[in-house]
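Peer 1: Curious how this folds, go ahead:
(chains A and B)
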There are 2 protein chains.
Amino acid sequence: MNNDPSTQTTNEVTHSNHSDVLAELAQLLDPASIITDPDITSSYSSDHATGVAVGKPLAVLLPKSTEDVSRSLAIAHRYNIPVVPRGAGSGLAGGANAIDGSLVMSLARMTKILEIDPINFIATVEPGVINKDLKAEAERFGLSYPPDPASFSFSTVGGNIATNAGGLCCVKYGVTRDYVLGLEVVMADGTVMNLGRRTKKGVAGLDLTGLIVGSEGTLAVITKATLRLVRQLPKPAGTLVAVFNSLTSLGEAITEISKSCTPSLLEVMDDTTLAAVEKMTPMGLHSSIAAMLIAQSDLDGEAGVAELDLIKSIAERSQATEVYLATDTYEADALLQARRLALRALERLGKVLLDDVCVPTSRIAEMMAEISAVAERYSLTIGTFGHGGDGNLHPTIVMPTDDAGKAAAEHAFSEMVGRAIALGGTISGEHGVGLLKKRYQDIELGDHQVKLIAEVKRAFDPNWILNPTKLVDQ
Amino acid sequence: MNNDPSTQTTNEVTHSNHSDVLAELAQLLDPASIITDPDITSSYSSDHATGVAVGKPLAVLLPKSTEDVSRSLAIAHRYNIPVVPRGAGSGLAGGANAIDGSLVMSLARMTKILEIDPINFIATVEPGVINKDLKAEAERFGLSYPPDPASFSFSTVGGNIATNAGGLCCVKYGVTRDYVLGLEVVMADGTVMNLGRRTKKGVAGLDLTGLIVGSEGTLAVITKATLRLVRQLPKPAGTLVAVFNSLTSLGEAITEISKSCTPSLLEVMDDTTLAAVEKMTPMGLHSSIAAMLIAQSDLDGEAGVAELDLIKSIAERSQATEVYLATDTYEADALLQARRLALRALERLGKVLLDDVCVPTSRIAEMMAEISAVAERYSLTIGTFGHGGDGNLHPTIVMPTDDAGKAAAEHAFSEMVGRAIALGGTISGEHGVGLLKKRYQDIELGDHQVKLIAEVKRAFDPNWILNPTKLVDQ
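Peer 2: Numbers count the residues shown, from 1 in each chain, chains lettered A, B, ... in the order given. The predicted model follows:
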């Protein structure tokens, strides 16, 4: 990774006035909103990424309002101090990791759901609202907020927007970006700006709202979001599990299912992942299978049954060795449980390095075969699971503890990302770039585009104080 | 509008080397790709907008390849000559209007459908492909390209992307932006760049693809688009027409339908529009009704019938004075015909000035009432029709021929746009800003955001040569 903390590039700003900065902040924010105790700031200094730099912040700020954010940024801008915005810190690419001498700005205390408009299907929320809480509030009005990253029970909506989070529902319901109508943001210099709209359509100006989504805190700080809700999503009519003894068969099934229908969930797990899950929670998973496919349909009544039947027949035609269909909710949950436990099961085997490649769905089998080959070549344990319907895979390297093994893991990681690009894919389907993927991004996007991204960032943040060192270099 | 051609602001660039520019272009492009005959260039000098400035171009370029575009832009960039990209010129906001001394760059000759990938549901096309032709080609593979602006039979996909075109399908299938995965663009200086992806998800870099969509040729010239296709859209199960004798009842019906189901079409027409249609093509439309609602469902079989029944019962509960349901295709087409003829019928009454406001669906009745009040106050004929399900209305002023009437029409236009903003709406739902809406955009977005948009444009186009004077000022 070359992301050893000891070699971290510090942001080239003047840090001589740290005490002045803190004094000015203390005049504006309530004392509980400024944390400088290193025992506490350290818990705000990293996200869930492995093997990337973690800096020591000057302070952690816990603003309670847009005004707090605006005043704090105005000071940081004046003193040229880097600011690292963060939600719950559940990110997986180091995008929320502190930078030495920075102000970490946690939006976790801005947790108001300001409005649910059940007529126009709109929610307006502060950025610290937990995804799960918004889902629950929407449901009280018979509505749904679909985006469902695996972290939905603890990640914030603001963080989800900043990373354009994906999840299990994407195969049918799209990503976070598809639900963001408008944003209130605070610019690097403290200016508050309202972007986007409340209407279903709108083409005034440039789509700056869409540009902020997925920008990982590098363009502005999100202080409010106007979100699109939908009618309450139906409960899945049932869950289907199909096992395959070859990746080619699995790939054929995914391709054919994707062409024929739109399941509300279409997840995959490979043999290594299944073995890890079985080891942690014995559920009778065969040790000889190459991969498992899990599908759900949330179509109403007969239509849901018909869709699952169609998926079943496709799986059988694609030489699934076993197909099991559960229409009972309890049983269906148990089947999905194996997928939900995937990462935790692999983490039991050691520290993990989680990847997030995405390829065209027709290339999934090839990508999974490449991953297996890489694992064999470097004698590594790599469990792969992910969102089959989107072509979004999470090959997860169980990190060896010896230096040679660690080096092998880094090579393997690079090779997998490189293979994804070669297969017409991308370095990141949903986790983001942060620190973890920055150098791979340069390969995917090319120098011209990376330079353009830097120019766009400069248009938003001329002093380059917002999450510098992440996503793109100055 | 204050957009009298005689007061047009010319772009502040050096025009002293026009003959050198033409000589250099002549060395690179085939002679048929450069038009300087003013009788011909004039036909490439405007789009379908009314009352906005039309300049005299230096030449019209008809590039046949990305390389042609790149070489031409490199020259324009070097000589600081404005370039106005255009598709079919079907725009409605003056975005494609020529600027004095500019190079108009028509992409209309780049008409190749390069690929339909029926496995991953992707089309790759050149920008000059007519929307209808892409739809037809997709259908040969059992797929659909949903975006359907009213101009779909003659507008280009590139133009649709540049304006983020809407249409009748948006209420269920979204806008052009929802179908653009990636773009090949040529930057102002001639650099060719590939933005976006071929995968279903992807978060590398900033979403520059989304930023280009709707940017009206101000950021880069689109030379190739990677588009998302969907399984072939079903034919509508039927068409429902409901008439109302009050706008309040109409608004209630639209709100309730939007909450309860997702018709594949939900259009409205007011009394003035209906009278104009009846005058042109007598079809027995009542003269006493306030508005007509037209709905379609494209759900399969029973589900489609059930959805239309639901819409019927909502319309009846909302005091529709008459509800008519046609399941026969021929009859259904006839019902939709009145809507399709709306603009043409109003154009028979005189030159028209077409607006494109969009409000939250719950505010449609209020917006339509405001439009009626404005028409009365200024003694104008204003026919309103549009996409009820999106809250996107096209109040269409039949322009008086006398000066006082023209001035009244301008005031009326301003007031309608202002009312849309006041109702939580936007100045443009789908037509774009171009020249027509630039000053209203400033009201909606505010000075800070307009300045930021200018900075973002500068990041793409530092010499400000791409469609200057449109969308945003330097």
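Peer 1: so A:Trp464 sits in a helix?
Peer 2: No: assignment of A:Trp464 by DSSP: H, G, I helix; E, B strand; the rest coil gives coil, placing it outside any helix.
Peer 1: if I look at it, how far off is chain B?
Peer 2: In this view, A:Trp464 and chain B are 14 Å apart by Cβ to the nearest Cβ, to the nearest Å. Where you see a C-beta, it was placed from the backbone N, CA and C, and this is true even at glycine.
Peer 1: Near that residue, how many residues? Count them for me, please.
Peer 2: Residues lying near A:Trp464 (other Cβ atoms under 10 Å in any protein chain shown) number 22.
Peer 1: Same question for A:Ser379.
Peer 2: 11.
Peer 1: do A:Leu114 as well
Peer 2: Other residues within reach of A:Leu114, judged by other Cβ under 10 Å, total 12.
Peer 1: Surely it is within a strand?
Peer 2: Yes: under three-state DSSP, A:Leu114 sits within a strand.
Peer 1: I figured it hits A:Pro127, correct?
Peer 2: No: using Cβ atoms under 8 Å, A:Leu114 is not in contact with A:Pro127, being 11.3 Å away.
Peer 1: any common contacting residues for these two?
Peer 2: Common contacts of A:Leu114 and A:Pro127, defined by Cβ atoms under 8 Å, 6 or more residues apart in numbering or on different chains, comprise A:Lys224.
Peer 1: Of all the residues in the helix or strand harbouring A:Met368, which ones are buried?
Peer 2: A:Met368 is part of helix A:364-377 when elements are defined by DSSP states H and E. By neighbour count on 16 or more other Cβ atoms under 10 Å in any protein chain shown, the buried set for helix A:364-377 is A:Ile364, A:Ala365, A:Glu366, A:Met367, A:Met368, A:Ala369, A:Glu370, A:Ile371, A:Ser372, A:Val374, A:Ala375.
Peer 1: next one: stretch A:308-321
Peer 2: Per 16+ other Cβ under 10 Å, stretch A:308-321 contains these buried residues: A:Leu308, A:Leu310, A:Ile311, A:Lys312, A:Ile314, A:Ala315, A:Ser318, A:Ala320, A:Thr321.
Peer 1: what does stretch A:232-240 give?
Peer 2: Within stretch A:232-240, the residues that count as buried by 16+ other Cβ under 10 Å are A:Leu233, A:Pro236, A:Ala237, A:Gly238, A:Thr239, A:Leu240.
Peer 1: Kindly reformat those residues as TSV containing secondary structure, pLDDT and distance to chain B.
Peer 2: As requested, the buried residues of stretch A:232-240 are arranged in TSV below (DSSP: H, G, I helix; E, B strand; the rest coil; pLDDT from 0 to 100; distance: Cβ to the nearest Cβ, whole Å):
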residue	secondary structure	pLDDT	distance to chain B
A:Leu233	coil	94	13
A:Pro236	coil	88	18
A:Ala237	coil	84	14
A:Gly238	strand	88	19
A:Thr239	strand	93	22
A:Leu240	strand	95	20
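Peer 1: Show me what whichever strand or helix holds A:Thr209 packs onto, helices and strands only.
Peer 2: Using DSSP H and E, A:Thr209 sits within helix A:208-212. Using 3 or more Cβ pairs under 8 Å, 6 or more residues apart in numbering or on different chains; DSSP states H and E, the elements in contact with helix A:208-212 are strand A:180-186, strand A:192-196, helix B:208-212, helix B:438-460.
Peer 1: No further queries at this time; thank you.
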